[in-house]
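1. fold the following.
(one chain, ligands or ions: 1)
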Amino acid sequence: MAWATLDPAGPAARQILDLYWAMVVLGGVGFVVFLALLVAALRRRGRPDRDAPDDGTGRGRFRALLVGAGVIQPLLLITVTFALTLGAMRALPVPGQADDDAAVLVEVVGHQWWYEIRYPDLGVVTANELHLPVDRPVRLQLRSADVIHSFWVPRLAGKTDMFPDFVNEHQLVAEEVGTYLGHCAEFCGLQHTLMRIRAVVQPAEEFDEWVTARREPAAAPEGEIARRGQELFVAANCADCHTIAGTPADGRDGPDLTHLASRETLAAGTLSNATADLRAWVADPHSAKPGAHMPAADLDGEDLDALIAYLEGLE
Ligand code: CUA
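-> Have a look, this model is predicted:
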């Protein structure tokens with residue numbers, strides 16, 4: 001993650017990296033000139049003739065230096081940086097340009113502290129794990145359900161803010177199959193640091209299979225224990241906030257759990273989706289994520305086992 005911005009996997013991220021290197025070089029030139037002047041001044045300070053009367057040439061040299069290094073040089077560097085930035089902004093893919101029809105439309109909604117992900121044209125809803133087909137433009141519509149968040153998957157594209165009252169459109173193409181980690185990049189409260197997103201870039205066929213499987217309603221519980229778990233889920237307060245398609249649970253405040261078991265992580269990338277983590281999360285969300293809006297499930301022992309068995313069956 002730390003070096004992700006230096007390893008782009010799509011044109012938008014590459015464009016930003018090119019600009020970054022140009023700024024590093026230009027900033028480096030400015031810095032070296034400054035250091036050279038500083039060293040020259042320090043060396044001059046020690047010279048015995050520095051208080052000798054000025055015959056006029058010193059004043060002229062001083063003025064040339066002041067204008068050259070103090071005015072022309074920064075003006076030149078800033079102008080070149082500005083022109084390069086405009087060029088990069090023009091080159092970044094903007095929605096409304098070509099390819100919009102071929103693009104996969106995805107709505108990503110920031111919540112405290114997780115990402116809701118909807119594919120309106122495909123009839124798929126999920127959370128925190130953004131599946132994308134490789135080499136196909138993706139049109140993201142970004143907004144927030146509460147405070148300002150940000151969408152940032154460094155290897156794919158730059159940061160884009162997610163506002164509660166404004167949809168920010170964003171287009172990207174992922175050119176390599178793989179899983180890319182991303183992170184909310186706008187301070188949004190207590191669990192800002194645990195608001196993560198994974199972009200799972202798949203070959204077209206695999207992505208289509210993923211979509212087909214995710215469009216199905218939830219798997220019916222298998223066995224007595226899982227059936228009991230489903231009853232508990234609906235009877236307890238879980239269903240007030242979570243949707244499980246095909247069941248009476250249709251809450252919208254928390255992540256859609258229809259295919260929870262197919263996801264790699266829980267709690268926006270905070271925990272793995274292994275049984276022990278799932279159980280610990282449901283029983284006590286606040287030890288993993290203090291401040292999370294999910295209350296602890298008021299269940300223990302066999303009831304909790306049943307609930308977990310049900311959730312684990314939601315492939
Ligand atoms: Cu959401 Cu920071």
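2. quick check: residue 213 is in a helix.
-> Yes: applying DSSP: H, G, I helix; E, B strand; the rest coil, one finds residue 213 inside a helix.
3. mind listing what's buried in stretch 125-139?
-> Residues of stretch 125-139 classed as buried: 125-134, 137-139 (neighbour count, 16 or more other C-beta atoms under 10 Å). Just so you know, the C-beta spots here come from the backbone N, C-alpha and C atoms, and that holds for glycine as well.
4. can you pull out the strands in the stretch 201-315 of the chain?
-> Counting by DSSP state E, counting those that start in this stretch, the segments of the stretch 201-315 of the chain that form strands are 265-266, 271-272.
5. show me what the one helix or strand residue 15 maps to is packed up against.
-> Secondary structure from DSSP states H and E places residue 15 in helix 11-45. If contacts are counted by 3 or more C-beta pairs under 8 Å, 6 or more residues apart in numbering; DSSP states H and E, helix 11-45 sits against helix 73-91, strand 168-172.
6. tell me the most buried of these?
-> strand 168-172 (a mean of 19; mean count of other C-beta atoms under 10 Å).
7. per-residue confidence averaged over it?
-> The pLDDT scores in strand 168-172 average 87.
8. from memory residue 227 sits against residue 221, does it?
-> Yes: applying C-beta atoms under 8 Å as the test, residue 227 and residue 221 come out as touching, 4.6 Å apart.
9. before we move on, the earlier item: mind putting the helices and strands packed on helix 11-45 into TSV with distance to the ligand?
-> Converted to TSV, these look like this (distance: least, C-beta to the nearest ligand atom, whole Å):
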stretch	distance to the ligand
helix 73-91	24
strand 168-172	14
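10. to residue 253, which of those lies closest?
-> Comparison of the helices and strands packed on helix 11-45 against residue 253 by C-beta to C-beta identifies strand 168-172 as nearest, at 22.3 Å.
11. the helix or strand just after the closest one pairs with which strands, parallel or anti?
-> Past strand 168-172, further along toward the C-terminus, the next helix or strand under DSSP H and E is strand 178-183. Note on strand 178-183: by DSSP bridges, its sheet partners are strand 196-202 (antiparallel).
12. what about the strand it pairs with, near the ligand?
-> No: judged by C-beta under 6 Å from any ligand atom, strand 196-202 and the ligand are separated, with a smallest distance of 9.7 Å.
13. circling back to that earlier point, tell me the most buried of the strands of the stretch 201-315 of the chain?
-> Counting by mean count of other C-beta under 10 Å, strand 265-266 has the highest mean neighbour count of the strands of the stretch 201-315 of the chain, with a mean of 20.
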